[in-house]
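Student: all I have is the shape, not the residue letters:
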């Protein structure tokens, strides 16, 4: 009987941890993707070098740095590096005023974030 209770407790911890990590990934992904989509809209509307855009990219990158530290426990570091590289490209292209090329990197960042969210989802497809 004692072994069954221990096994049930272990299963609760495993499933609880999986649920919590999935919720955290969902929430943080949605937050960053939303900010990137807003930035994309602002870039489309603004065709000049704008300090507001630079400030937004710095803010997004700062939030990403905080999130990536926590994600590193759950997600492979190679995937985090891809997102970081893409966000750095967005930041630098907006800083130099190359807004058209920054759109591609914003889309890449959004894709990578959504891809990780789907890849880390607990489902039969991802288990097998």
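Tutor: That came through fine. In this text, all values refer to a predicted model and were calculated from it rather than measured experimentally. Numbers count the residues shown, from 1 in each chain.

Student: just name whatever secondary elements the helix of greatest length in the chain is in contact with.
Tutor: The single longest helix within the chain, with elements called by DSSP state H, is helix 2-45. Based on contacts counted as 3 or more Cβ pairs under 8 Å, 6 or more residues apart in numbering; DSSP states H and E, the elements that helix 2-45 packs against are helix 51-71, helix 99-119. The way it works is simple: take the backbone N, C-alpha and C, and place the C-beta from them, glycine included.

Student: same thing but 10 Å
Tutor: With contacts defined as 3 or more Cβ pairs under 10 Å, 6 or more residues apart in numbering; DSSP states H and E, helix 2-45 has these neighbours: helix 51-71, helix 77-95, helix 99-119.

Student: taking helix 77-95 as reference, get the angle to the last one.
Tutor: What that stands for is helix 99-119. Put simply, helix 99-119 runs at 160 degrees to helix 77-95, going by axes from the mean of the first three to the mean of the last three Cα atoms, to 10 degrees.

Student: quick one: distance of helix 99-119 to the chain centre.
Tutor: Per Cα atoms, centre = their mean, to the nearest Å, the displacement of helix 99-119 from the mean C-alpha position of its chain is 9 Å.
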